[in-house]
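[1] sequence unknown, structure follows:
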């Protein structure tokens, strides 16, 4: 089964809002075994709405439309649906009762403008929207279904999760689609692709592989179509083979956040962490702290951006700084040890590097980064040479530092 | 002039990533006076790519395509372009030199797979992508132009801003559209809208207003269509009026980054800053450090997430902590003073708050935040009550803290 999504509304086309509805819908439909083949964002324009629906019914079993159902004059979706399905607007009693209930709660009376929200194309089946004033609607073209809903994100979620998807699951037998994701670090996309080319070619056609690069790592997503027990077992076997081909390779959930994984592992082992950051300027700390519950394992960070801060707060040896430079194995190891002691944690990560665009030397070009890790048993450090954009270097350094810690924790 | 955007890649269709490229592109194209009429997200599928291009050339002068240019076998955009424009792939020397340069920096040798990134459709004009290995390309169908670029966001930005848009501006006469942006803080969007409703209604039809809310502030963008001297003068006059209606209101560029403005002001006054962060966990520091040249005015931060860190590193008075709690005027003022002294800076910002979802009390519900500011003359603090989502609370706190500093610096 295939689906297409149409989002209607000018605010997406002028770049004013991010279309999070499509992201959420795609994810949910995929999980349900429905392949999303196209997403179109168009304005409140009759011709464009008509041609989008006609085009997409050619390639899809289901069309999901968000937006254009408000009570103002630029919302034309319902009128266009009437024209396309050759019927008029009629009052729907369920929609009217729901509208009265919702407006009543807010002490608003029905007027001509909001009354229009209870009018629906005569040929549509109404799905009551308990969380909003515009209802969900379904229209049929042969065996194919069109679902129309408002553009408000939580209304999209309510109608899809509690109304449309249950209806679809009851009515159609959906194909099984599974996704398995692996996170690899240490190899850029092109090198990785070459290294696993033979392995990739050995996958059956029901298993598709996608490369999803992020600064610092590449995720590999395996999609298993028409999944049955044999195919799932084969996929697992293939993933195990992969671990022999790529050195650093972690099982990962679809939307894995490295900082979340760090938190999960630290919680599992009952350990704590602190950070000492120079070129990342607090990015590692802020990625960890963004996750709820991080106070259980995260103590704090010293962002020693300045030379003085490294010396005064972290007591980095002045002579070491002068002899080896702030971007050196010696300095990051001292930083990690110092912050680990200062904040009394089990582990500490430290970074010092040249994020760019200035500050590079022939010896230490822009992108040179040292990452240190202090554990209860040892202190280690590793050198990296990253790319040229400042923000990307910072993100890459942050992700690489978190991966170094994950590697250490997983090895425990 | 009208444009359409096509984003190619399965990761959008399965909901794994948010399509930020389209948002950014739409905003930039609109700013340049080009109307975006449709955005399509499709998979790496030949038939869909072909029909999207053919359809969209019917309604647009320009098509911008992102994605599908990687070195792996699921990237088929270039082959499809060859078929559609009836030509073969040829080696482009500029692209090859750029590729060699970028790979060389990382010590990677050219192999068959990454070599393919220097191959382009024979009929295309190449725009060198200084920040990535896949080049930008332009193909013509009559007077209409197709621009193809990789899907990596900073490469999209580089190619559009420095290559494609300058080319378009040189070649076509675009309608005159000017934008003026004002940043307002302290009023939520709905309240702001009500407060300036009369003012907004007094604008002539050539001047349109858009509300661009961000956690912590709302930008107002005035778009002046078919701009001439009279209209521009009127717009300036109207903006001056606005400053009498809204208390906190700063002139701003379209994509103003608060941390960049902080940097500009500190540089202008020759001052330095440090930060002491609890609930923001280093976010303020990392936003400042992301900007090149920040070492001139930024010294560092103590991320005192933990109780102990506040006491041990920042010497916050234990009794004060016990009496007033970590989220209090007294504690943020001590934090600001301490870090200002520790890192020897002119100014210091501090924050302590309850970002959520847990940790709230009836007295101090989730979203309660104190922000402190120490200057050479004084220390002040202000309390805020934000909304309920952790990440949004952190971002809102960060932006509000930066705005407090800007306000102080602008007042100087």
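    Structure's in. What do you need? Note that the coordinates shown come from a computational prediction; the quantities given were computed from them, not determined experimentally.

[2] Let me see the ranges of the strands in the stretch 201-350 of chain A.
    Taking DSSP state E, counting those that start in this stretch as the criterion, the stretch 201-350 of chain A carries its strands at A:207-214, A:217-225, A:249-252, A:273-277, A:298-304, A:347-353.

[3] Relative to chain B, which of those strands is closest?
    strand A:298-304 (3.8 Å; Cβ to the nearest Cβ). The way it works is simple: take the backbone N, C-alpha and C, and place the C-beta from them, glycine included.

[4] What average pLDDT does that closest one get?
    Mean pLDDT, strand A:298-304: 94.

[5] Let me see the backbone angles for residue A:39.
    phi -120, psi 130 (degrees, to the nearest 10).

[6] any low-confidence regions in chain A?
    Residue ranges of chain A with pLDDT under 70: A:72-73, A:106, A:253-255, A:388, A:412.

[7] how close does the residue of it positioned farthest from its centre sit to residue A:157?
    Distance from the centre of chain A peaks at residue A:319, with 44.9 Å (Cα atoms, centre = their mean). Counting by Cβ to Cβ, to the nearest Å, the gap from residue A:319 to residue A:157 is 60 Å.

[8] ditto for residue A:178
    23 Å.

[9] sec struct for the residue lying closest to residue A:125 once chain neighbours are set aside, please.
    Among residues not flanking residue A:125 along the chain, residue A:138 sits closest, at 4.6 Å (Cβ to Cβ, 6 or more residues apart in numbering or on different chains). Classification of residue A:138 by DSSP: H, G, I helix; E, B strand; the rest coil places it in strand.

[10] Residue A:138 contacts residue A:147, correct?
    Yes: counting by Cβ atoms under 8 Å, residue A:138 sits close enough to residue A:147 to count as a contact (5.5 Å).

[11] what do these two both touch?
    residue A:164 (Cβ atoms under 8 Å, 6 or more residues apart in numbering or on different chains).

[12] quick one, which of these two is more surrounded?
    A side-by-side neighbour count of residue A:138 and residue A:147, using other Cβ atoms under 10 Å in any protein chain shown, places residue A:147 first with 26 against 19.

[13] Let me know the distance separating that one from residue B:166.
    43 Å.

[14] before we move on, back to that, make JSON lines from the strands of the stretch 201-350 of chain A and add mean neighbour count and distance to residue B:331 to it.
    JSON lines is the format used below for these (neighbours: other Cβ atoms under 10 Å in any protein chain shown; distance: least, Cβ to Cβ, whole Å):
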{"stretch": "strand A:207-214", "mean neighbour count": "18", "distance to residue B:331": "37"}
{"stretch": "strand A:217-225", "mean neighbour count": "20", "distance to residue B:331": "38"}
{"stretch": "strand A:249-252", "mean neighbour count": "17", "distance to residue B:331": "39"}
{"stretch": "strand A:273-277", "mean neighbour count": "32", "distance to residue B:331": "20"}
{"stretch": "strand A:298-304", "mean neighbour count": "31", "distance to residue B:331": "15"}
{"stretch": "strand A:347-353", "mean neighbour count": "29", "distance to residue B:331": "25"}
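
[15] May I see these arranged in a markdown table, with distance to residue B:292 as well?
    Shown next, in a markdown table, are the strands of the stretch 201-350 of chain A (distance: least, Cβ to Cβ, whole Å):
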| stretch | distance to residue B:292 |
| --- | --- |
| strand A:207-214 | 22 |
| strand A:217-225 | 25 |
| strand A:249-252 | 33 |
| strand A:273-277 | 17 |
| strand A:298-304 | 17 |
| strand A:347-353 | 14 |
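
[16] The lengthiest helix in chain A packs against which elements?
    Of all the elements of type helix in chain A, the one with the most residues (DSSP state H) is helix A:390-411. With contacts taken as 3 or more Cβ pairs under 8 Å, 6 or more residues apart in numbering or on different chains; DSSP states H and E, helix A:390-411 sits against helix A:258-269, helix A:283-289, strand A:347-353, strand A:368-374, strand A:379-385.

[17] for the first one, packing partners?
    The helices and strands touching helix A:258-269, judged by 3+ Cβ pairs under 8 Å, 6+ apart, are helix A:283-289, helix A:390-411.

[18] and the longest one, how far from the chain's centre?
    Relative to the centre of its chain, helix A:390-411 is centred 18 Å away, using Cα atoms, centre = their mean, to the nearest Å.

[19] Compute the inter-axis angle for the longest helix of chain A and strand A:217-225.
    If you take axes from the mean of the first three to the mean of the last three Cα atoms, to 10 degrees, helix A:390-411 sits at 70 degrees to strand A:217-225.

[20] that older thread, got CSV for the helices and strands packed on helix A:390-411, with distance to residue A:98 too?
    CSV is the format used below for these (distance: least, Cβ to Cβ, whole Å):
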stretch, distance to residue A:98
helix A:258-269, 38
helix A:283-289, 42
strand A:347-353, 53
strand A:368-374, 56
strand A:379-385, 57
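
[21] what about stretch A:26-43 and chain B, touching?
    Yes: Stretch A:26-43 reaches chain B (Cβ under 8 Å from any Cβ of the partner chain) through A:26-30, A:35-43.

[22] Direction included, what does the host helix or strand of residue A:126 pair up with?
    Assessed by DSSP states H and E, residue A:126 sits inside strand A:125-127. Sheet pairing for strand A:125-127, assigned by DSSP bridges, gives strand A:136-141 (antiparallel).

[23] Show residues contacting the following helix or strand past the strand it pairs with.
    Next along the chain after strand A:136-141, taking DSSP H and E as the criterion, comes strand A:144-149. Residues from elsewhere that reach strand A:144-149, judged by Cβ under 8 Å, 6+ apart: A:53, A:57, A:60-66, A:69, A:77-78, A:81, A:124, A:129, A:134, A:136-140, A:155-156, A:159-160, A:164, A:168.

[24] Now, those residues that are in strands?
    Secondary structure from DSSP state E places A:62, A:63, A:64, A:65, A:66, A:136, A:137, A:138, A:139, A:140 of the contacts of strand A:144-149 in strands.
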